[in-house]
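# with the sequence up front, the predicted model follows.
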Amino acid sequence: MLKELEDFQLLYLDIETVPAYPSYLEMPERMRHLWDKKAQTLNYKDDKKPLEIFQRSGIYSEFGKIVCISVGYIVKGSLNLRIKSFYSHDEYKLLMEFSQLLNSHFNSPKHLMCAHNGKEFDFPFIARRMLVNGISLPSLFDIAGKKPWEIRHIDTLELWKFGDYKHFTSLDLLTAIFDIPSPKGDIDGSQVGDVYWKQHDLERIARYCQNDVVAIVQLLNRYRGKPLIKEEDMEFIELTEIV
């Protein structure tokens, strides 16, 4: 598969998600009741209350929302990496702009999406939230009825597993062992919810998200025996919040 990638154009991506509500007590009663039930299944080894694990609701598409999608792609005919972020308080507008990008520029059989743990998290999360927001799925996400080899998704975690389904390796660890600069900046994934709901700093989240996209690009290059992309060959599109 790695050799075959030469024939495709890849869109690398990473998403950041947060709880859909600022706090447990601010959830609508019906959703709070459903979170209580969900929390029971998540908490079978501990004795924590649903309120205490509320921050974890952001990683479930039924209880969370997307606040940032960062994407990267190699400019055709060059070695230059271009990075762009879609971020907004309005999830519908964010997803619409992302969908328009896919429909306009990444909609052929020669296009693939790549993410770390994308098949378990990023890809299904985006697809589910598009449906919740009433957005038609772009072709890269419309996988119903397709055979596994017809689905145009690449997962750097899955590639590292080599068929070992129980093995999880973080992006941070993989960048360390492949001697790639760490993608981690001044925050980590566990802090994104607080940065969003308490600090209201979307740009900080977008910068963090972009670092992960760069790390995914570099990791796949290592897998493929290619050199790392130099910083001077990276172009970051100016951060602009979607309003």
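Received the coordinates, thanks.
# the residue nearest to Q9 when sequence neighbours are not counted: neighbour count?
In this structure, Q9 finds its nearest non-sequential neighbour in H111, 5.5 Å apart by C-beta to C-beta, 6 or more residues apart in numbering. C-beta: built from backbone N, CA, C; applies to glycine. Counted by other C-beta atoms under 10 Å, the residues lying close to H111 total 17.
# distance of H111 from L101?
Going from H111 to L101 by C-beta to C-beta, to the nearest Å gives 11 Å.
# before we move on, the earlier item: now the residue nearest to Q9. Its backbone dihedrals?
H111 adopts backbone torsions of phi -100, psi 140, taken as degrees, to the nearest 10.
# residues contacting it?
8-11, 140, 152 (C-beta atoms under 8 Å, 6 or more residues apart in numbering).
# let me have those in TSV, extended by secondary structure.
Below are the contacts of H111 laid out as TSV (DSSP: H, G, I helix; E, B strand; the rest coil):
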residue	secondary structure
F8	coil
Q9	strand
L10	strand
L11	strand
L140	coil
R152	coil
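# surely F168 meets L157?
Yes: with contact taken as C-beta atoms under 8 Å, F168 and L157 are classed as touching, separated by 7.1 Å.
# more neighbours, these two?
Neighbour count, other C-beta under 10 Å: between F168 and L157, L157 has more, with 21 against 12.
# who's in contact with that one?
116-118, 120, 168-169, 171.
# give me that answer again for 7 Å
116-117, 169 (C-beta atoms under 7 Å, 6 or more residues apart in numbering).
# re earlier: closest to D36 among the contacts of H111?
Nearest to D36 among the contacts of H111 is L140, at 35.3 Å by C-beta to C-beta.
# for that closest one, which residues are in contact?
Per C-beta under 7 Å, 6+ apart, neighbours of L140: 102, 106, 111, 113, 152.
# make JSON lines out of those residues and add pLDDT and distance to D194.
Converted to JSON lines, these look like this (pLDDT from 0 to 100; distance: C-beta to C-beta, whole Å):
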{"residue": "L102", "pLDDT": "96", "distance to D194": "30"}
{"residue": "F106", "pLDDT": "92", "distance to D194": "33"}
{"residue": "H111", "pLDDT": "93", "distance to D194": "35"}
{"residue": "M113", "pLDDT": "96", "distance to D194": "29"}
{"residue": "R152", "pLDDT": "91", "distance to D194": "35"}
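# can you show me the CA trace of the lengthiest helix in the chain as CSV?
The longest helix of the chain (DSSP state H) is helix 202-223. The C-alpha coordinates for helix 202-223 follow below in CSV (Å, rounded to 0.1, in the frame of the first residue of the first chain):
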residue,chain,number,x,y,z
LEU,A,202,-9.8,29.0,19.3
GLU,A,203,-6.6,30.1,17.6
ARG,A,204,-4.6,28.3,20.3
ILE,A,205,-6.5,25.2,19.5
ALA,A,206,-6.0,25.6,15.8
ARG,A,207,-2.3,26.0,16.2
TYR,A,208,-2.2,22.8,18.3
CYS,A,209,-4.2,21.0,15.7
GLN,A,210,-1.9,22.1,12.9
ASN,A,211,1.1,20.7,14.7
ASP,A,212,-0.5,17.3,14.7
VAL,A,213,-1.1,17.5,10.9
VAL,A,214,2.5,18.3,10.3
ALA,A,215,3.5,15.3,12.5
ILE,A,216,1.2,13.0,10.6
VAL,A,217,2.8,14.1,7.3
GLN,A,218,6.3,13.6,8.6
LEU,A,219,5.4,10.2,10.1
LEU,A,220,4.0,8.9,6.8
ASN,A,221,7.1,10.1,5.1
ARG,A,222,9.2,8.1,7.6
TYR,A,223,7.1,5.0,6.9
